[in-house]
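> Mind folding the following:
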Amino acid sequence: MALTILVLRLAVGILTFPMYLLNFLGVWNWLCKRWFPHFLRRFTAMYNEQMGSRKRELFSNLQEFAGPSGKLCLLEVGCGTGANFQFYPPGCRVTCVDPNPCFEKFLFKSIAENRHLQFESFMVAAGENMHQVADGSVDVVVCTLVLCSVDSQEKILREVRRVLRPGGAFYFMEHVAAERSTWNYFWQQVLDPAWYLLFDGCNLTRESWKTLEQASFSKLKLQHIQAPLSWALVRPHIYGYAVK
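Residues are numbered from 1 along each chain as shown. Below you'll find the model as predicted:
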C-alpha cells in the first residue's frame, strides 16, 4: 500500500509540476498568498451554506462565557474572510488574527456586513505567536479550518490557553484525517503533498483531535462527524469546545 501511495504521489507530482517549479523558484508562496483569499471567500460561502446548522449549534452557547460586564470578548485566530461573524452574538467584541495580510480587505467587508458586532482590531500574526494579545485577556478563542494549516498545533494551543482567562473557552471546527481503513484516507495520503501547496499549507491527514486531547484543558467536548460537503476529502470533521 505504501508503494502504491508513493507511485500515485509521483504521478500527481508530474501532473502538477509547474506548481512545484514555481515553489522551488520562490514564486508560488507569493502567488498563493494573493490568490487564496479570493478562493476562500467563495469556499466559505459554500461551506457556511452546507455547515450553517452545525456552526449555529457550535456557537449557540458563546454568551455563557461572557465576562462580568456581560460583554463577550472574542479572539478569532486564522480569521480569513470573517466567515464566522454572522454566528456571533450581538455586542460581541471581536479581535482578529491572521498571518496573511491579504485577507484584510475581505475581512473589513465582512465587518461592514455584520454591524451587530463590535470590531476591535485586526493583527497580522501567526497563531503560534500572538504576543500582541495579553495573558488571560479574552473570554473565547475561535479557530475554524485553521489547525490543518498551522506549523505547530501544540504551540497554537499553548497560545490559546495563555490568552484565555480562567474558565474561558476555545471553540473549533476542523477537517481531519479520515479513518485509516477507508479509501478516503488512502486518497488523502496520495493527494496531501499537492494539496498542501495548492491550498496554502493545508494538510489533509492531520489527526487534530489527538492534539486537543493532550492540550491540558479542564474540559473538552469534541464530536466526530462526516460533514455534508461536496468535497469527500474534507468531509471528516471534528467540532466542539474546550474550557481552560
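> quick one: average confidence on the longest strand along the chain?
In terms of residue count, the longest strand belonging to the chain (DSSP state E) is strand 164-175. Across strand 164-175, pLDDT averages out at 97.
> So which residues make contact with it?
51, 54-55, 58-59, 62, 65, 67, 136-148, 157, 160-161, 204, 208, 212, 217, 227, 234-244 (Cβ atoms under 8 Å, 6 or more residues apart in numbering). Placement of C-beta: from N, CA and C, glycine included.
> Derive a ChimeraX selection command for the buried subset of these.
Here is the ChimeraX command that selects the buried residues among those (16 or more other Cβ atoms under 10 Å):
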select :51,54,55,58,59,62,65,138,139,140,141,142,143,144,145,146,147,148,157,160,161,204,208,212,217,227,234,235,236,237,238,239,240,241,242,244
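> hang on, the earlier thing: strand partners (parallel or antiparallel) of the longest strand of the chain?
Its sheet considered, strand 164-175 pairs with strand 138-144 (parallel), strand 236-243 (antiparallel) by DSSP bridges.
> Which parts of the protein are strands?
Using DSSP E, strands in the chain cover 73-77, 93-98, 118-124, 138-144, 164-175, 219-226, 236-243.
> quick one: low-confidence parts of the protein?
Nowhere does the chain drop to pLDDT under 70.
> Just the helices from it, written as ranges.
2-15, 17-24, 28-58, 104-113, 153-163, 183-198, 208-213 (DSSP state H).
> and these, which is most packed in?
Ranked by mean neighbour count, the helices of the chain are led by helix 153-163 with a mean of 19 (mean count of other Cβ atoms under 10 Å).
> what sits up against that one?
75, 77, 127-130, 133-138, 141, 143, 146-147, 150, 170, 206, 208, 211-212, 214-217, 244.
> Convert that helix to CSV, retaining C-alpha atoms only.
C-alpha atoms of helix 153-163 as CSV (Å, rounded to 0.1, in the frame of the first residue of the first chain):
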residue,chain,number,x,y,z
GLN,A,153,-0.8,22.7,16.7
GLU,A,154,0.9,22.3,20.1
LYS,A,155,2.2,25.8,20.0
ILE,A,156,-1.0,27.4,18.9
LEU,A,157,-3.0,25.6,21.6
ARG,A,158,-0.4,26.8,24.2
GLU,A,159,-1.0,30.3,23.0
VAL,A,160,-4.8,29.8,23.1
ARG,A,161,-4.6,28.7,26.7
ARG,A,162,-2.3,31.7,27.5
VAL,A,163,-4.6,34.4,26.2
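> No further questions, thank you.
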